[in-house]
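Asker: Provided below for reference: sequence and predicted model.
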Amino acid sequence: MTDLTPPDSPAPPRALPGKPLADRVTAEVRAALAEWAALTPPFQPRLVSVLASSDPASRVYVQSKARQARKLGLDFHVVDLGESVTQADLEAALRELSADESVHGIVLELPLAPGLDADEALLHIAHRKDVEGLTPGNLGLIAAGREPEALLPPTPRSVRFLLREALGDDLRGRRVAVIGPGRTVGRPLTFMLNNRGVTVTLCNEHTRDLPRVLADVDAVVVAVGRAGLLRAGHVQPHHVIVDAGINVQESGVAGDAERDLPVRAQTPVPGGVGPLTGALMYQNLVRAVKLQRGERVE
């Protein structure tokens, strides 16, 4: 049979799925929970999800978290304040949960109802119960290089896990471009990579000549929320692409990068950053318990 494949056809990028890493993280979470359950008396961490909107997607996410929590054996509660809650009442509820010693983790489901200020609300969550790592207390510790004292945002942490999977555990000296300076991914990730000795280039919508800026980096992380933003003309064969973008389209979910770019490795969407992010939130609950007990975490 004649081989009709052109000799210079690029090989498809190596896939970087998140599920194998997510399974590993989940196993570690199960082991910690089993150890606590075997104590006398048994100890079961409590995770509380706070809803302050009628957003249907948020309710679906909460139901998913509840199912996973039950599988893990967590004590999971939902505080549904409704879409008509005032800012003052939302903040009071978060302060009450933060002061409740029986509560070990708090998730404020976003987006909030119109008229509510998420940034103001997050100020009222104790940073050691903030399992999504979004409070100024946690972000400040990360920026100060004090990660062992912080709860790290799961999505940036997922990105860093995947970069280590592709580039090696020791990231010192690596060069990574982050496209998208958002609060939940790009900004904390920039500090988290710097804390591991990475030289970071942070790009935004005003960055000129993106192909030239990206040419010499080892990896590109894209987290903007714009489907197809990163294209073949932007990348090089040696690049590792970690796509943290989520864009819901009629054809399904797409990332910020085009599929099957001519690169060394690329995370799929869905199935890349997402599964690992979910697992790391529950690992954050384990970290939260240890921090609340005054234990040092890595």
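Answerer: All right, it came through fine.

Asker: poorly predicted segments of this protein, please.
Answerer: Confidence mapping of the chain against pLDDT under 70 gives the ranges 1-11.

Asker: strands of that one, residue ranges please.
Answerer: Per DSSP state E, the chain carries strands over the ranges 14-15, 46-51, 75-80, 105-108, 175-179, 199-203, 219-222, 240-243, 247-249, 252-254, 265-266.

Asker: identify the residues contacting the fourth one?
Answerer: Contact partners of strand 105-108, identified using Cβ atoms under 8 Å, 6 or more residues apart in numbering, comprise 45-50, 52, 65, 94, 97-98, 118, 121-122, 125-126, 129-132, 134, 281, 284-285, 288. Any C-beta I mention is one placed from the backbone N, CA and C, and that applies to glycine too.

Asker: so which of those sit within helices?
Answerer: The helices, defined by DSSP state H, take in 65, 94, 97-98, 118, 121-122, 281, 284-285, 288 from those.

Asker: out of the residues you listed, which end up buried?
Answerer: 65, 94, 97-98, 121-122, 281, 284-285, 288 (16 or more other Cβ atoms under 10 Å).

Asker: name the nearest of those relative to Asn204.
Answerer: Using Cβ to Cβ, Leu122 is the member of those that lies nearest Asn204, at 22.9 Å.

Asker: in terms of contact, does the closest one touch Leu134 like I think?
Answerer: Yes - contact between Leu122 and Leu134 holds when scored by Cβ atoms under 8 Å: they sit 5.7 Å apart.

Asker: what comes up buried for stretch 234-248?
Answerer: In stretch 234-248, the ones that count as buried by 16+ other Cβ under 10 Å are 234-236, 239-247.

Asker: specify which member of those residues is nearest to Ala177.
Answerer: Using Cβ to Cβ, His239 comes nearest to Ala177 of the buried residues of stretch 234-248, at 9.0 Å.

Asker: how close does Pro17 sit to Val242?
Answerer: According to Cβ to Cβ, to the nearest Å, Pro17 stands 12 Å off from Val242.

Asker: so what's in contact with those two at the same time?
Answerer: 267, 272.

Asker: the spatially closest residue to Glu147 that is not a sequence neighbour: neighbouring residues, count only.
Answerer: The shortest distance from Glu147 to any non-neighbouring residue, by Cβ to Cβ, 6 or more residues apart in numbering, is to Asn195 (5.8 Å). Applying other Cβ atoms under 10 Å, we find 17 residues neighbouring Asn195.

Asker: touching, Asn195 and Pro148? I think so.
Answerer: No - if you go by Cβ under 8 Å, Asn195 and Pro148 don't touch, sitting 10.3 Å apart.

Asker: hang on, the earlier thing: nearest to Gly274, out of the strands of the chain?
Answerer: For the strands of the chain, the distance to Gly274 is smallest for strand 252-254, at 8.8 Å, taking Cβ to Cβ.

Asker: tell me the strands beside that closest one, with direction?
Answerer: Paired strands of strand 252-254, with direction, are strand 247-249 (antiparallel) (DSSP bridges).

Asker: chain center to the partner strand: distance?
Answerer: Mean C-alpha position of strand 247-249 versus that of the full chain (Cα atoms, centre = their mean, to the nearest Å) differs by 18 Å.

Asker: now swap in stretch 90-102 and tell me
Answerer: Relative to the centre of its chain, stretch 90-102 is centred 24 Å away, using Cα atoms, centre = their mean.

Asker: please begin residue numbering at 775 from this point
Answerer: Happy to do that; since the first residue is 775 now, the last one works out to stretch 864-876.

Asker: quick one: residues in contact with it.
Answerer: 820, 822, 824, 826, 853, 855, 859, 877, 880, 882, 886, 890, 894-895, 897-900, 903.

Asker: ChimeraX command to pick out the buried ones of those residues?
Answerer: The buried subset of those, as determined by 16+ other Cβ under 10 Å, is captured in ChimeraX by this line:
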select :820,822,824,826,853,855,859,877,880,882,886,890,895,898,899,900,903
